[in-house]
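Novice: My questions concern the predicted model and sequence given below.
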Amino acid sequence: MSHIHAGSAAEIQKTLQEALGHDLVKVKPHGPHYLIQMEADGERETVARLTTLGSRTFGAAFRSHTGRWDPLPAEGTREEMIQMVVDLFGPYLTLENY
């Protein structure tokens, strides 16, 4: 894992935590992906991911109940994709579900 990649994961995590208002959302770098996870009772559940598509382009996907990754039909900057994750998956990233 590169230092830059880890730093980006920390930045994404901080942005998500601020947007959601809690610190149970965690971001783990995994290859070109940033896994967006909820942490509860010492365990983490992966809910969504951001994927680096280019130097400034990202995509997003969510993990369906079958465990498959379903991509969102959009690409954008990291900030745009973080906002899309918050807008679309916010209910799955709330304290009430954990």
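Specialist: Sure thing, it's come through. On a predicted model such as this, the values are computed, not experimentally measured, just so you know. Numbering: from 1, shown residues only.
Novice: Can you list the low-confidence ranges for the protein?
Specialist: Residue ranges of the chain with pLDDT under 70: 1-7, 97-98.
Novice: Which residue ranges of it form strands?
Specialist: Ranges of strands in the chain, per DSSP state E, are 25-30, 33-40, 43-52, 58-63, 69-76.
Novice: contact partners of the last one?
Specialist: Identification of contacts with strand 69-76 by C-beta atoms under 8 Å, 6 or more residues apart in numbering yields 49, 53, 57-64, 80-81, 84, 88. In short, each C-beta sits where N, CA and C put it, glycine included.
Novice: Just the buried residues of these.
Specialist: Buried residues within these, counting neighbours by 16 or more other C-beta atoms under 10 Å: 49, 58-63, 81, 84.
Novice: And the furthest pair within these?
Specialist: F58 and R63 (16.8 Å; C-beta to C-beta).
Novice: and the residue in the chain sticking out farthest from the centre, how far is that from L24?
Specialist: The centre of the chain is farthest from one residue, D41, which by C-alpha atoms, centre = their mean lies 19.5 Å away. The gap separating D41 from L24 is 10 Å, by C-beta to C-beta, to the nearest Å.
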